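Peer 1: heads up, no residue letters with this:
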C-alpha cells in the first residue's frame, strides 16, 4: 500500500503538485508566528508563487545567526517552539571550514521514520523477498550518544534516529547498546564484527564506501575464532541486501562483491541531515533514485546555468538532463535553504534523479566545470577497460605543467591488488571525461588548453591513512572525490612514502 500510494503520486502531475504544495503550506502555517514567519508574511502564503515572492533563498551562512540563537535555547525564531535535537553535519562540500549544526524537530523525526520505512517497503515490493524480515539489520552508523550543549542535544542525524527506532523494529536493529554508543568508529566496527559474527544478519545499511572496510573486520574476526571464512557469505549466508548512500555504489561494487563472495543487491539512498530521505533506488541496476515526495520536505530546484536572476522550479516542473541545485523547506524551520548539492533528473513522472556533485566540488581549469559524477564515470570506465578494481580515488588538477602554462587533471587511485597498466588506465579515463564533458573535450583537443591527465597509484592502505590524517574517521565522512590543494599535497606525500 505504501509503494502503491507513492507510485500514484509520482505518475500524476496534479497529485504531485498537490502533495508538495500541501507540505509547503503546512510548514509556513506552523511557522507563521515565528520571527522569520512574520518577517516574510508566511500567513499570506497560498502556494509556491507566493512563497517565491516573499522568501529568498538562503545558504547555511545566511541561516547560521538565527540557528545559533535557536541552539542557545531561543524559541520561535524560524521554528514554532523549541528544537532540542541538533544534527552535526560533516560538511562534505570541501569548502566547509567547520561542521554545520542543523535543527531536527520532533516532526522531522516522525517524517524520517516514515521515509525509512518507505525505503524498506520499496525494497520488499521490488524484490518480493519474504525472508528479509527474518533476521537482523546491521547499521554502520555513528554513535547515538547525545552531547548536551547548553539547552540542546547534539549528535549526528543517524545517531539521533537510532534513539527513535519504533518497537518492534528496534529488536531487529543492530548494534545494540553499549556497542551502539562506542565513540571511536574503527573501534566500533571491530566490536560489531566480534559481537555479531554468529547473528543472522540479512541486511546492512550505512555509507557505501564503508561496507568493504567493515567486511574486512568481519572476516578477520572469523579467522581469529578459527573459522574458515573466505567470504562474507561464509559468515552471513542470508545477507541479501545492502542499503547504501553517501556516495554512488557502482565504483565500490567490485570490491564489495569480492568480499561478499557473490553478487548482491545494493540499493542507494539519497539523504541529508537537513530533511532525511529524499530519494531511493527503485531498481537494482538503475543508478538513478526515485524521489520520495510526501515525507515532510518541499523541494525547489535552480538550474546550474540559470544566471543572475534564477528561477526557482518546483518538483512538478523540473526537466531531465539539467543540473539543478537543491533548495529545501523542512519541518525543522529551514525555509528555501540551499543545501549545496547538484542533482540531475533522468526521468519525470516518475521523477528519478542522480546526485551530480556540489557547487564547490567541481574541477575547472578552463571553465569546463567537471562534476564528481563525471569523475566517477571516467574512473569506472577506466577500471572496466583495464579490468581494475578501485578501493577509492580522488581527483585534482595542476597548472603550469612542465612550464607550458597549461594544466591537467590528477587522479589519485588506490587499487585492489596489483595496479593496472597506468598508461591504458589514463587514456581510458581521459577518453571518458571527453565523452562526459563537452568543454573538457574541446579544450583537450590537440592539447589546446588541457593536457593529458596523470594517474597516481596510491599504495595499499593510503586512502584510510589519508582519512585518519585529516581527522575524518566517522561513517558520515567520505574520501573526497575532488581534493583541495591541501588534500592534494597530502595525497602526493602518501603516494611517495619515505
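Peer 2: Everything's here; your move. Remember, predicted model here, so these are calculated numbers, not experimental data.
Peer 1: show me what stretch 300-315 is in contact with.
Peer 2: For stretch 300-315, the surrounding residues in contact (Cβ atoms under 8 Å, 6 or more residues apart in numbering) are 16-17, 20, 48, 52, 57, 291, 293, 299, 318, 322-329, 336, 338, 342-343, 351. In short, each C-beta sits where N, CA and C put it, glycine included.
Peer 1: same check on stretch 183-192?
Peer 2: Under Cβ under 8 Å, 6+ apart, the answer for stretch 183-192 is 138, 140, 142-143, 145, 174-175, 179, 182, 210, 213-214, 217, 221, 473-475.
Peer 1: same thing but 10 Å
Peer 2: Stretch 183-192 has contacts (Cβ atoms under 10 Å, 6 or more residues apart in numbering) with 138-143, 145, 174-175, 178-182, 199, 201, 210, 213-218, 220-221, 464, 468, 472-477.
Peer 1: residues of that stretch that come out buried?
Peer 2: Neighbour-count burial for stretch 183-192, counted by 16 or more other Cβ atoms under 10 Å, picks out 185, 188, 189, 190, 191, 192.
Peer 1: chain center to it, what's the gap?
Peer 2: Here stretch 183-192 shows a centroid-to-chain-centroid distance of 21 Å under the convention Cα atoms, centre = their mean, to the nearest Å.
Peer 1: which of the contacts of stretch 300-315 fall within helices?
Peer 2: Among the contacts of stretch 300-315, the members found in helices (DSSP state H) are 16, 17, 20, 48, 52.
Peer 1: need the contact list for the fourth one.
Peer 2: For residue 48, the residues meeting the contact criterion (Cβ under 10 Å, 6+ apart) are 17, 20-21, 24-25, 298, 300, 312-317.
Peer 1: repeat that for the third one.
Peer 2: For residue 20, the set of contacting residues under the criterion of Cβ under 10 Å, 6+ apart consists of 9, 48, 293, 294, 297, 298, 299, 300, 314, 315, 316, 329.
Peer 1: adding distance to residue 270 and pLDDT, write those residues out as JSON lines.
Peer 2: As requested, those are arranged in JSON lines below (distance: Cβ to Cβ, whole Å; pLDDT from 0 to 100):
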{"residue": "9", "distance to residue 270": "17", "pLDDT": "93"}
{"residue": "48", "distance to residue 270": "22", "pLDDT": "98"}
{"residue": "293", "distance to residue 270": "13", "pLDDT": "95"}
{"residue": "294", "distance to residue 270": "16", "pLDDT": "95"}
{"residue": "297", "distance to residue 270": "11", "pLDDT": "97"}
{"residue": "298", "distance to residue 270": "16", "pLDDT": "98"}
{"residue": "299", "distance to residue 270": "12", "pLDDT": "98"}
{"residue": "300", "distance to residue 270": "16", "pLDDT": "98"}
{"residue": "314", "distance to residue 270": "18", "pLDDT": "98"}
{"residue": "315", "distance to residue 270": "14", "pLDDT": "98"}
{"residue": "316", "distance to residue 270": "19", "pLDDT": "98"}
{"residue": "329", "distance to residue 270": "17", "pLDDT": "98"}
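Peer 1: filter the residues you listed down to the ones in strands?
Peer 2: 298, 299, 300, 314, 329 (DSSP state E).
Peer 1: count of neighbours near the third one?
Peer 2: In other words, residue 300. 26 (other Cβ atoms under 10 Å).
Peer 1: go on, the second one?
Peer 2: Summarising burial for residue 299: neighbours were counted as other Cβ under 10 Å, giving 24.
Peer 1: quick check: closest non-adjacent residue to it.
Peer 2: With Cβ to Cβ, 6 or more residues apart in numbering as the criterion, residue 299 has its nearest non-adjacent residue at 4.5 Å, and that residue is residue 315.
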